[in-house]
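S.K.: just the structure for this:
(chains A and B)
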Amino acid sequence: MRNPLSPAALLEGLTGSSYVRSLIAGTVGVLGLLGVLGFAFPESIAGDLAGIVFSASTGASTARLAAPIVLAGLGGIFAEKSGVINIGLEGLLIISAFVSVYAASVVGVGNAVLGVPALGIAFLAGIAASTFLSAVFAVVCIEFKADQIIAGLAVWLIALGLAPFMSTVFFGGVNTPNLGVSVGWQYSATMVVLATVGSWWLLNRTAFGKHLRAAGENPKALDTVGVSVSKVRYAGVLLSGVLSGVGGSALALSIGQFIGTGETMVQGKGFIAIVAYLFGNYNPVGTLGAGALFAGLDAMQIRLQQLGYAVPDTLVQTIPYVVVIVVLALVGRTQIPEAAGEHYETEE
Amino acid sequence: MNPAVHLDGITKRFPGVVANDDVDLAVERGSVHALLGENGAGKTTLMNVLYGLYRPTEGTVRLDGEAKSFDSPRDAIDAGIGMIHQHFMLVDPMTVWENVVLGNEPKTWGGLRVDREAAREAVVELSERYGFDVDPDATIAEISVGEQQRVEILKALYRGADVLIMDEPTAVLTPQEVEELYGVFEELTEQGKTIIFISHKLGEALSAADDITVLRDGVNVGTVAADGVTREELAEMMVGREVLMEPATSPQEAGERVLEVTGLSVEDDRGVEAVSDLSFELRGGEILGVAGVDGNGQSQLVEAITGLREAASGEVRYRGESMRGKSRRDRIDRGMAFIPEDRQERGLVMSYDLTENGILGSQHDPPFARVGRLDWGAARDHAESVIEQYDVRPPDAEAEAESLSGGNQQKFIVGREFERDPELVVATHPTRGVDIGSTEFLHDRLLDLRAEGKAVLLVSSKLDEVQGLSDRLAVIHEGEFTGVVDPATVTEEEIGLLMAGESLDDDSVEGAALHDAADDGADAGIGGVGADDEERAGDEEVDA
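M.R.: You can find the predicted model right below:
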């Protein structure tokens, strides 16, 4: 195997057909190099870094942080592939994060409703809230033909205002009290992997996947063979709501609390999710890789700070955005659906 | 025996318009039927009734004698009707087989999986049965336009179509591909399929159809057998009066050199070379036609000459002066008129009225501009004179450009550009979307300009047009002239070969490359009757 780190090989990999594979190979390559360096020089920064990267706690926190990014990213693929650009993923994560914690506190940890334990109810409530908001977004965009970008921003701003407000109403502060339980990282990791595999199958092997792609590329072609473009697009947007709901709930329940200060605990993960699926070229596996990469960097940054390195967290958080600019501008490999962002009007 | 398709007394009214008035149309099983007519004659509306897109106001659709009522295209498809639109309804990044089965995918695993093997098998089987040479695993983006059309036909056949409706099937094809399409027609009809195609091209109807029905103003003027009618008779049926089939060109003395292009290379938006090392010259009083399949560098050539795109290398000299670094405005001021390919994108501001559109490009100049302000009175007079001379309808200078039909927009642009009193006219598809009568008029105006000693670069995908009007005819293929021929002596087959990138080795090429002012183009043969590539656009406005 060629050295995946040589610039030529990397660029060729990025522009070649095995784009996603090379993305993963590159990540593995970086980690491998770091491991070797860390093993050879345990006292250096590389040693510390290796210690962090290969520590179980970094792994766990990567899984926790990756869940909202990957799940919302997968949702974003469905919406955008169908032709509706959903930049409101951030809002969907926020609303589901709050509602899941609220539902758990209403049910009461330890109690169950109809045999479903409180955390299960919390997930369902988070998913329902996110799906409801995405349904509103879908109606506004598909039925009333609003600008998708503006409607998406509205979704974000509504959730950003509403979640801390409701928290203040119900709990007397923008942060909810801690539930005292949390969902383990293993659950997050399992959900992410299952959702990735399921999404891949749905997109690439089912008739619905073909219809989704046609709706985003040439909706008229789909319409003329008798498949409703609107229905397919509604399905795409609602799926983005469902998946983001899982992601937002997983994020909040992994701590057991909703934090509503500033940008809330979601902190731009919905936007990084968009970056992740663009970076992964609308491929669920690539999105998983990109999401894990971004979450891993974030987790490392947190650990480095704990070890006393003055890593500017704000700078680390810009990495995904820098990456997407580089990918979109230099490589230009990402294939945005032809009709994404365009309204479709069927003939009579 | 009942006809396969019988449209019985179809009337379709839209608010304020009768698109079809009591039209009868009977098509025999296994035959090819051409539906011929000008812009807005109601051909597309009639076919949309048959395809279930519209419900007829009055009348009945009968298939094999049985009355049918379609609420949607889905019903029509179920009844065995397939429609192949002029603009293909294909998903570019998907493969041929995926496109063919789209919406009717065979499934396994309780619907959780598309049965790719079965789908591919069915597509292969169909294309073998009808002798189509299409690779089922190629993506649509990879295959030629002719193949894409066959994929559209496969789509219809896969859905069990017995009657195929084709809207302007030859509009996007090279002459060779047209021949292949006629072969496909034969193959299909032999196996019992029925074909109805919409056309405004007389030659096409005569050579491909068994029967021809002519529509005019929504009325069936008559149905005739293709072998019992002449081109002139058909033209008269279409227009309702006698039509001069060939533009009357006359010998013309070539004047001074107006345009000189040397070693011009131009890149397209993706940075791919679209025009390669092209050289030619154009003199006053001369029309140089450029023929070729769309997308072979015509757009980039024209843009480089008119200043809309920078050349990668080479030079454009206009009346002896290098145009390097000269802006679009410099070129307009020096008397370059331009009829753009995309009239809605570059020819007009759609939300401006005709008064405003009429001064575009001249807004700096008197009489419209006076000491820093616009004289709207003069602008209005100008727009009205263009409207009157070029028969733009509705004749209203305050009408917004977007309220006009495609053909009328085109007439207005042509009028505005010709009235600039240009030295050079660069005209791309000047009669696209214009009906026969107006086409005739625009052709005459082009010839008037030539007679006045102006130079004309005429780019058109209509062979008959470039052949009939040009003094010299250059054929472009992948950014290079594969030949510059004498339009009076060249045959359609020869042009077709050149368009496909082949070269001719006989002397006619050499002879015509020299400027030969004596040809009159009168025996160009095909006649300048091609009316329209965008009838649907016009029709939709009526229907709205």
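S.K.: every contact and neighbour count from this point should use C-alpha atoms.
M.R.: Fine.
S.K.: how close does B:Asp133 get to B:Glu125?
M.R.: B:Asp133 is 11 Å from B:Glu125, where distance means Cα to Cα, to the nearest Å.
S.K.: and for B:Ala156?
M.R.: 14 Å.
S.K.: ok, how many other residues are close to B:Gln149?
M.R.: Per other Cα atoms under 10 Å in any protein chain shown, the neighbour tally for B:Gln149 reads 24.
S.K.: and A:Val139, by the same measure?
M.R.: A:Val139 has 15 neighbouring residues, counting by other Cα under 10 Å.
S.K.: read off the pLDDT value for it.
M.R.: pLDDT recorded at A:Val139 is 96.
S.K.: so when I look at it, I'm seeing a strand, right?
M.R.: No: looking at A:Val139 with DSSP: H, G, I helix; E, B strand; the rest coil, it is helix, so not inside a strand.
S.K.: if we can go back for a sec, more neighbours, B:Ala156 and B:Glu125?
M.R.: Legend: neighbour count by other Cα under 10 Å for B:Ala156 and B:Glu125, higher for B:Ala156 (24 against 12).
S.K.: the more buried one reaches B:Val163, doesn't it?
M.R.: No: using Cα atoms under 8 Å, B:Ala156 makes no contact with B:Val163, being 9.0 Å away.
S.K.: now do the shared contacts for the two.
M.R.: Shared contacts of B:Ala156 and B:Val163 (Cα atoms under 8 Å, 6 or more residues apart in numbering or on different chains): B:Ile81, B:Gly82.
S.K.: is B:Thr194 bridged to anything, and to what?
M.R.: B:Val163 (DSSP bridges).
S.K.: pLDDT wise, what is it at?
M.R.: B:Thr194 carries a pLDDT value of 94.
S.K.: let me know the secondary structure of A:Ile336.
M.R.: Quick answer, by three-state DSSP: A:Ile336 is coil.
S.K.: for A:Val326, see how far away it is.
M.R.: A:Ile336 is 16 Å from A:Val326, by Cα to Cα.
S.K.: what sits against the residue most central in space within chain A?
M.R.: With distances taken as Cα atoms, centre = their mean, chain A has A:Ile69 as the residue nearest its mean C-alpha position (2.5 Å). By Cα under 8 Å, 6+ apart, the contact list for A:Ile69 reads A:Gly247, A:Lys269, A:Gly270, A:Ile272, A:Ala273, A:Ala276, A:Gly291, A:Ala295.
S.K.: now, those residues that are in helices?
M.R.: A:Gly247, A:Lys269, A:Gly270, A:Ile272, A:Ala273, A:Ala276, A:Gly291, A:Ala295 (DSSP state H).
S.K.: same list, those residues, but as CSV with distance to B:Leu308 and neighbour count please.
M.R.: Below are those laid out as CSV (distance: Cα to Cα, whole Å; neighbours: other Cα atoms under 10 Å in any protein chain shown):
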residue, distance to B:Leu308, neighbour count
A:Gly247, 49, 37
A:Lys269, 43, 30
A:Gly270, 41, 29
A:Ile272, 39, 28
A:Ala273, 40, 32
A:Ala276, 38, 35
A:Gly291, 43, 33
A:Ala295, 47, 28
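S.K.: for stretch B:184-194, which positions count as buried?
M.R.: For stretch B:184-194, the neighbour count (16 or more other Cα atoms under 10 Å in any protein chain shown) marks B:Val184, B:Phe185, B:Glu186, B:Glu187, B:Leu188, B:Thr189, B:Lys193, B:Thr194 as buried.
S.K.: how far is stretch A:169-181 from where the chain is centred?
M.R.: With Cα atoms, centre = their mean, to the nearest Å as the basis, stretch A:169-181 stands 24 Å off its chain's centre.
S.K.: contacts for it, please.
M.R.: Contacts for stretch A:169-181 (Cα under 8 Å, 6+ apart): A:101, A:104-105, A:109, A:164-168, A:253, A:255-261.
S.K.: equivalent analysis for stretch A:190-202, please.
M.R.: Residues outside stretch A:190-202 that contact it (Cα under 8 Å, 6+ apart): A:Ala67, A:Val70, A:Leu71, A:Leu74, A:Phe208, A:Gly209, A:Asn283, A:Pro284, A:Val285, A:Leu288.
S.K.: next, format those residues as a markdown table and append neighbour count, distance to chain B and pLDDT.
M.R.: As requested, those are arranged in a markdown table below (neighbours: other Cα atoms under 10 Å in any protein chain shown; distance: Cα to the nearest Cα, whole Å; pLDDT from 0 to 100):
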| residue | neighbour count | distance to chain B | pLDDT |
| --- | --- | --- | --- |
| A:Ala67 | 32 | 26 | 95 |
| A:Val70 | 37 | 23 | 96 |
| A:Leu71 | 36 | 21 | 97 |
| A:Leu74 | 30 | 19 | 97 |
| A:Phe208 | 21 | 9 | 95 |
| A:Gly209 | 23 | 10 | 95 |
| A:Asn283 | 23 | 15 | 91 |
| A:Pro284 | 29 | 18 | 93 |
| A:Val285 | 22 | 19 | 91 |
| A:Leu288 | 28 | 23 | 92 |
